[in-house]
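> Using only what follows, build the 3D model:
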Amino acid sequence: KVGDYDATVIGVPFDGGCTYRAGTRFGPQGIRRISALYTPYNYEMGIDLREEMSLCDAGDVFTIPANIEKTFDQISNAVAYVAATGSFPIIL
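Numbering: from 1, shown residues only. Coordinates of the predicted model:
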């Protein structure tokens, strides 16, 4: 239940709008993979994100590679749902 969290991560694996350099659809997966290597503690600010906020990962939005309009609708609906629950959407 995303409403139980302060913020919710949503992946948008879509590069249908790119005309020159495709591959942005792999961005959410890459960010998740590399973020597993880091600690949530920020040494410069002395803040541990786990103590300051609750965070969940809702997975990726289902995108339709050949249809930008329907994909944007899917993204809008996902973000609106998360925001309506009171959780702050973080989009990758």
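> Looking at this protein, which helix is longest?
Counting by DSSP state H, the longest helix found in the chain is helix 68-84.
> Buried residues, the next helix or strand after that helix. List them.
The helix or strand immediately downstream of helix 68-84 is strand 88-91, counting by DSSP states H and E. For strand 88-91, burial by neighbour count (16 or more other Cβ atoms under 10 Å) applies to Pro89. (Each C-beta comes from the backbone N, C-alpha and C, glycine too.)
> And the average pLDDT for strand 88-91 is what?
Rounded to a whole number, the mean pLDDT of strand 88-91 is 94.
> Could you do stretch 1-9 as well?
92.
> Could you tell me the end-to-end distance of that stretch?
13 Å (Cα to Cα, to the nearest Å).
> got the buried residues for that stretch?
Quick answer for stretch 1-9 (16+ other Cβ under 10 Å): Val2, Tyr5, Thr8, Val9.
> Was I right to think the second one contacts Val82?
No: with contact defined as Cβ atoms under 8 Å, Tyr5 does not count as touching Val82 (9.3 Å).
> list the buried ones in the lowest-mean-pLDDT helix or strand in the chain?
The weakest-scoring helix or strand in the chain, judged by mean pLDDT, DSSP states H and E, is helix 49-52 (a mean of 85). By 16+ other Cβ under 10 Å, helix 49-52 has no buried positions at all.
> mind listing what the helix or strand following it pairs with, with the direction of each?
Going down the chain from helix 49-52, the next helix or strand is strand 55-60, by DSSP H and E. Partner strands for strand 55-60, per DSSP bridges, with pairing direction: strand 7-11 (parallel).
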